[in-house]
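Participant: let's see this in three dimensions:
(chains A and B)
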There are 2 protein chains.
Amino acid sequence: MQEGYPESLERVIRALSKLPGIGPKSAQRLAFYLVKSPSGELEELLQALENMRRKIRFCVRCGFFSEEELCRICQEPSRDSHVLCVVERPQDIFALERAGFRGRYHVLQGVLSPLAGIGPEDIRIPELLQRIREEMVREVILALNPSVDGEATALYLAQRLSAFPVKVTLIARGLPSGGDLEFADEVTLAQALEGRREIRVGPGKGAL
Amino acid sequence: MQEGYPESLERVIRALSKLPGIGPKSAQRLAFYLVKSPSGELEELLQALENMRRKIRFCVRCGFFSEEELCRICQEPSRDSHVLCVVERPQDIFALERAGFRGRYHVLQGVLSPLAGIGPEDIRIPELLQRIREEMVREVILALNPSVDGEATALYLAQRLSAFPVKVTLIARGLPSGGDLEFADEVTLAQALEGRREIRVGPGKGAL
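Facilitator: Model (predicted):
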């Protein structure tokens, strides 16, 4: 990359610049910071990464991050087992938890992508079908990303799941809270129009 | 930080968000990326960091990054030993090398900062004086950052070095190449005016 970096520093810069959102300049700055490591930041980061590598795995049931065989959500008895929310990646679960969802989850670990050669057997679809057979699932909420592959995967799943006695729903697409109609893209706006709901107000409450 | 992160993941997020330029969101994104580690990036980063921690040290003479007692610059016999360039941090040397400087360097590992309690004995000023006594230095170029502390350190060094038979110079302050006069701050512009140089053109070359 640069003439004259000591090899071990160069290697850290290379490894850092492979991470998402870290360009060559940021990688250099980070490496320089870590090498000097004013108050043990290098040691701290190293130990944290090593600890994570050793401890973190995916929950055998739902696929969420876990330090045990079953994740803390699968271990919670108070969860509503009738509602199963299907997501693409484990980190999506944090967002849904923040939004207040209290059912159970299933992580696909990806979406279908014919172009990338990713078919139904390559992501955790067989495990999903197995769970629907074995657990008392009544509704499957598809909370996949609104991308081309995400939508296609949702459609595929809706079709596969039509053979099961479950309701299949898709999380709504529409204007994001705080979003600006003027700057909304046409796909979002078309979906927001399509998903419009009637607002009913009581007679005493005046017109909206 | 977030309810429900497994502890080992949370610890990596905390360690990452202490690094410069990495906010909580970036730290989360990086941690999620590393934990999944599609093609061994976690392993690669870990090994690179460990390797760097083991191998990198500071050159005993100039203070530059090195994997040996003397860095590659101090080991180069072709360098001009008469010119010693003083910098604040080891990474500043890369910039000067790119600019084509081929003398020798001395890293102060900081600048004087009365407010932070950093005095002449806390940075590598004694080592600098020692080198000037022992090596055949004729010119000391002060290439410190144009910050308040950098300027104060340059002044202090100029004063201390006046006792030695060396020429002391300060790298020029002025408009950066590609900079815009309209948007230059007043300090830079005042320094650029003060540092103005006469342009002499031969009689046959026309007026500039």
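
Participant: can you pull the pLDDT of the most centrally placed residue in chain A?
Facilitator: Note on chain A: the residue nearest the mean C-alpha position is A:Asp92, at 2.7 Å, using Cα atoms, centre = their mean. pLDDT for A:Asp92: 89.

Participant: excluding its backbone neighbours, what's nearest it?
Facilitator: Take A:Asp92 and drop its neighbours on the chain: the residue closest to it by Cβ to Cβ, 6 or more residues apart in numbering or on different chains is A:Ala143, 6.8 Å away. No exception for glycine: its C-beta is placed from N, CA and C like everyone else's.

Participant: ok, that neighbour - contacts?
Facilitator: A:Cys85, A:Val86, A:Val87, A:Asp92, A:Leu96, A:Ile171 (Cβ atoms under 8 Å, 6 or more residues apart in numbering or on different chains).

Participant: phi first, then psi, for the last one.
Facilitator: The one in question is A:Ile171. phi -60, psi 150 (degrees, to the nearest 10).

Participant: for burial, what's the neighbour tally of it?
Facilitator: 16 (other Cβ atoms under 10 Å in any protein chain shown).

Participant: quickly check: the longest strand anywhere in chain A near chain B or not.
Facilitator: Looking across chain A with DSSP state E, the single longest strand is strand A:80-87. No: Strand A:80-87 lies out of reach of chain B by Cβ under 8 Å from any Cβ of the partner chain, never closer than 12.9 Å.

Participant: same for that strand, what does it pack against?
Facilitator: In terms of contacts (3 or more Cβ pairs under 8 Å, 6 or more residues apart in numbering or on different chains; DSSP states H and E), strand A:80-87 is packed against helix A:92-98, strand A:103-107, helix A:125-134, strand A:139-142.

Participant: what's the most buried one of these?
Facilitator: Most buried of these, by mean neighbour count (mean count of other Cβ atoms under 10 Å in any protein chain shown): strand A:103-107, with a mean of 23.

Participant: rewinding a little: can you tell me which of the contacts of A:Ala143 is nearest chain B?
Facilitator: A:Asp92 (10.0 Å; Cβ to the nearest Cβ).

Participant: ok, now how distant is that closest one from A:Val148?
Facilitator: 17 Å (Cβ to Cβ, to the nearest Å).

Participant: ok, A:Arg11 next?
Facilitator: Counting by Cβ to Cβ, the gap from A:Arg11 to A:Val148 is 37 Å.

Participant: who's more crowded, those two?
Facilitator: Taking neighbours as other Cβ under 10 Å, A:Arg11 and A:Val148 compare with A:Arg11 leading, 20 against 11.

Participant: what number of residues are in the vicinity of the closest residue in space to that one that isn't next to it in sequence?
Facilitator: Spatially, and ignoring its direct neighbours in sequence, A:Arg11 is nearest to B:Ala48 (4.5 Å; Cβ to Cβ, 6+ apart). When neighbours are defined as other Cβ under 10 Å, B:Ala48 has 20 of them.

Participant: for the contacts of A:Ala143, give me JSON lines that also has distance to B:Arg57.
Facilitator: Below are those laid out as JSON lines (distance: Cβ to Cβ, whole Å):
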{"residue": "A:Cys85", "distance to B:Arg57": "52"}
{"residue": "A:Val86", "distance to B:Arg57": "51"}
{"residue": "A:Val87", "distance to B:Arg57": "46"}
{"residue": "A:Asp92", "distance to B:Arg57": "44"}
{"residue": "A:Leu96", "distance to B:Arg57": "48"}
{"residue": "A:Ile171", "distance to B:Arg57": "54"}
